[in-house]
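J.: give me a 3D structure for the following:
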Amino acid sequence: MKINSKLEIQNISKSFPGVKALNQISFSIAKNSIHALVGENGAGKSTLIKIISGVYKPDEGQIKIDGNGVSFEKPLDAIKAGISTIYQELSVIDDLTIAQDLFFGEEHNYMKFGFINFRKMNRNAKKLLQDMNFDFNVTKKVSSLSVSEKQQLEIAKALNKNASIILMDEPTSALSDKEIENLFKLIRQLKNKGISIIYISHHLDEIFKICDFATVLRDGSVIDTLEIVDTQTLKDDIVQKIVGKDLSSIKTNRFRKIKSENVVLELKNYSTSDGVRDIDIKLNYGEVLGIYGAVGSKRTELVKSIFTGKNRSTGKLYINSKPVINNDPAKSISNKMVFLPEDRKEEGLFLNLPISKNIPFIFYRSKTKFGFLKQRAGLNKTKEYINLLNIKTPSIYQIVENLSGGNQQKVVLAKLLAANCDILILDEPLIGIDVGTKNELLDLINNIANEGKSVIIISSELLELIRICDRLLIMRNGKIIKEMKENFNQEEIISFAIGGKN
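T.: All right, here's what the predicted structure looks like:
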């Protein structure tokens, strides 16, 4: 595809021990365009972004900006060349004021007689933000901002550095629908100012709303670069290119082989001190029970309290008809119940440890002998689940932090499955993963239920809940306001969730 190029990627390759991350990557980003980079977790997107932003050096190949070859030894070199990156984990500093964070690293421009002239800094920050139509009190702490406002601050910092190319990595992952619309408006404004955007997202609907072009990566190679035209045919084509196979052959079966009416978990009049109110739930043997709700519905607060016992104020919890008093994570695990938290990096993984220490962590609780761990059993369990979940890694000793997001999610699930528990509570297991991995995990959840285990799943991905769940509970303002089963209607579910129906 011939375009008027702002950024050219030419034959970029990068290898790590045991892994060919990128193989002869070539494509171009047009001037004044929004260009999506799509692919499964592990396809090479993150590695490529780190090369473009100067974090990694390529083994071979070249980057050109406005037709001129560039070489980056460090991220500062990329910034000086006009490339700024806004990562999913934002780099703002909460303890600084907005003005201090905006001009972080430029304090020398405001020094006088050995002191920083904060009045001048605040005045310049206010003018810069007003020019970008951002309404901030620059003397307030960054910690006072919402996630959406912190993103705006990141964009302001990029523009302050005269960025002509901005890389955005999953920018909507923590935003509400309204905040996403505001972000899209801002991105279009950046494009109109002559800035080229590289936009990474697993959400095809977003890409078709905001992007002009899309480059598909798979297994470290470019599969295709396409101009975005909003048609279902093109969406299907992109999905097949991402996955490498026809997704019509990948199905989940909501109608379980062995689902029964035997209740394995029950809540009666369950409330918490952080907003969950009068919840009644029954989870059956071999069932997948979905919970859906908008931001603020308290669905995460509910499932966290079930597993940890925290903030529980009134009501009763039963597991296999036996009341559970003073619940905590250890008691839940002894009752054969495990929990996948929404924030896998902070709460679900030991990022600085290898896979071999993460997967068998809960499993080891029941496999000690005279105070010693059965290391061989743990290693065998690790190998078993790496194969079962198709975790892409060069070794069982790979540090988890170095895995892609989708493979990190698989490691968390493997840890739960290796514990051989009967009740699994999964909070946003599909967030931040690609379409291929998503289908693998849905099939896995289906298989778990067909083996007689019971699953509670929370997800913002309504279509995926509809595909996998036997029943669906809709939460709003801390209460369950509707139960549905079998004949799910997407519009009706959303209407109940946001208050259109009661």
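J.: where does the chain have low pLDDT?
T.: 1-3, 18, 41, 174, 245-259, 295, 345, 364-374, 432, 498-502 (pLDDT under 70).
J.: got the domain boundaries for it?
T.: 5-92+145-246, 258-336+422-502, 343-420 (automatic domain parsing).
J.: the residue lying closest to residue 91 once chain neighbours are set aside - how many residues pack around it?
T.: Nearest non-adjacent residue to residue 91, counting by Cβ to Cβ, 6 or more residues apart in numbering: residue 154, 7.0 Å away. Glycine gets a C-beta too; all of them are placed from N, C-alpha and C. When counting by other Cβ atoms under 10 Å, one arrives at 22 neighbours for residue 154.
J.: could I get the buried residue list for the helix or strand hosting residue 77?
T.: Assigned by DSSP states H and E, residue 77 belongs to helix 75-80. Across helix 75-80, burial judged by 16 or more other Cβ atoms under 10 Å covers 78, 79.
J.: now do that helix: everything it contacts.
T.: Here helix 75-80 makes contact (Cβ atoms under 8 Å, 6 or more residues apart in numbering) with 52, 53, 54, 55, 70, 71, 72, 85, 161, 163.
J.: measure how far that helix is from the centre of its chain, please.
T.: 27 Å (Cα atoms, centre = their mean, to the nearest Å).
J.: picking that back up, so which of the contacts of helix 75-80 comes closest to residue 265?
T.: Proximity of these to residue 265 (Cβ to Cβ) peaks at residue 85, which lies at 43.6 Å.
J.: how many residues are close by the closest one?
T.: Residue 85 has 23 nearby residues by other Cβ under 10 Å.
J.: separation between it and residue 52?
T.: Counting by Cβ to Cβ, to the nearest Å, the gap from residue 85 to residue 52 is 8 Å.
J.: now do the shared contacts for these two.
T.: 78, 167.
J.: give me the residues contacting stretch 163-179.
T.: 6-7, 29, 46, 49, 52-53, 65, 79, 82-88, 146-148, 151, 155, 158, 180, 183, 187, 190, 194-203, 206, 295, 431-432.
J.: may I see the buried residues of it?
T.: 163-172, 174-175, 179.
J.: repeat that for stretch 7-16.
T.: 7, 8, 9, 10, 12, 13, 14.
J.: just stretch 456-464 next, same as before
T.: 456, 457, 458, 459, 461, 462, 464.
J.: the fourth one and residue 472, how far apart?
T.: Here the criterion is Cβ to Cβ. By it, residue 459 lies 10 Å from residue 472.
J.: which residues are common contacts for those two?
T.: Common neighbours of residue 459 and residue 472 (Cβ under 8 Å, 6+ apart) are 290, 292, 465.
J.: quick one: which of the residues you listed sit in strands?
T.: When DSSP state E is applied, these are split such that 290, 292 fall in strands.
J.: dump the shared contacts of residue 459 and residue 472 to CSV, plus distance to residue 264 and neighbour count.
T.: Formatted as CSV, the shared contacts of residue 459 and residue 472 follow (distance: Cβ to Cβ, whole Å; neighbours: other Cβ atoms under 10 Å):
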residue, distance to residue 264, neighbour count
290, 16, 25
292, 21, 27
465, 20, 22
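J.: name the nearest of the shared contacts of residue 459 and residue 472 relative to residue 139.
T.: For these, the nearest to residue 139 is residue 292 (40.5 Å; Cβ to Cβ).
J.: most widely separated two among the buried residues of stretch 163-179?
T.: 164 and 174, at 26.6 Å, using Cβ to Cβ across those.
J.: which ones are touching residue 53?
T.: 72, 75, 78, 83, 85, 167.
J.: which SSE is the residue nearest to residue 91 in?
T.: helix 147-160.
J.: pull the CA atoms of that helix into CSV?
T.: Coordinates of the C-alpha atoms in helix 147-160 are reproduced here as CSV (Å, rounded to 0.1, in the frame of the first residue of the first chain):
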residue,chain,number,x,y,z
VAL,A,147,-7.4,7.8,34.8
SER,A,148,-8.9,9.7,31.8
GLU,A,149,-7.4,13.0,33.0
LYS,A,150,-4.0,11.4,33.6
GLN,A,151,-4.1,10.3,30.0
GLN,A,152,-4.8,13.8,29.0
LEU,A,153,-1.8,14.9,31.0
GLU,A,154,0.4,12.3,29.3
ILE,A,155,-0.7,13.6,25.9
ALA,A,156,0.0,17.2,27.0
LYS,A,157,3.5,16.0,28.0
ALA,A,158,4.0,14.4,24.6
LEU,A,159,2.9,17.6,22.8
ASN,A,160,5.2,19.7,25.1
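J.: what does it contact?
T.: 84, 86, 90-92, 98, 101-104, 128-129, 132, 134, 136, 142, 145, 166, 171, 174-176, 179, 182-183, 186, 190, 195.
J.: distance of residue 111 from residue 98?
T.: For residue 111 relative to residue 98 (Cβ to Cβ), the value is 20 Å.
J.: more crowded one of those two?
T.: Neighbours of residue 111 and residue 98, each counted by other Cβ under 10 Å, are more numerous for residue 98; the result is 26 against 10.
J.: my read is that that one contacts residue 134, right?
T.: No: judged on Cβ atoms under 8 Å, residue 98 makes no contact with residue 134 at a distance of 9.4 Å.
J.: just the CA trace of stretch 40-58, in PDB.
T.: The C-alpha coordinates for stretch 40-58 follow below in PDB (Å, rounded to 0.1, in the frame of the first residue of the first chain):
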ATOM      1  CA  GLU A  40      -2.600 -11.700  19.400                       C
ATOM      2  CA  ASN A  41      -0.700 -11.400  22.600                       C
ATOM      3  CA  GLY A  42       2.800 -12.600  21.700                       C
ATOM      4  CA  ALA A  43       2.400 -11.400  18.100                       C
ATOM      5  CA  GLY A  44       5.200  -8.900  18.600                       C
ATOM      6  CA  LYS A  45       3.300  -5.600  19.100                       C
ATOM      7  CA  SER A  46       5.000  -4.700  22.400                       C
ATOM      8  CA  THR A  47       8.500  -5.600  21.200                       C
ATOM      9  CA  LEU A  48       8.000  -3.400  18.100                       C
ATOM     10  CA  ILE A  49       6.700  -0.500  20.100                       C
ATOM     11  CA  LYS A  50       9.700  -0.700  22.400                       C
ATOM     12  CA  ILE A  51      12.000  -0.600  19.300                       C
ATOM     13  CA  ILE A  52      10.200   2.400  17.900                       C
ATOM     14  CA  SER A  53      10.400   4.200  21.200                       C
ATOM     15  CA  GLY A  54      14.100   3.400  21.800                       C
ATOM     16  CA  VAL A  55      13.700   0.900  24.600                       C
ATOM     17  CA  TYR A  56      15.200  -2.000  22.500                       C
ATOM     18  CA  LYS A  57      17.600  -1.900  19.600                       C
ATOM     19  CA  PRO A  58      16.700  -4.100  16.600                       C
END
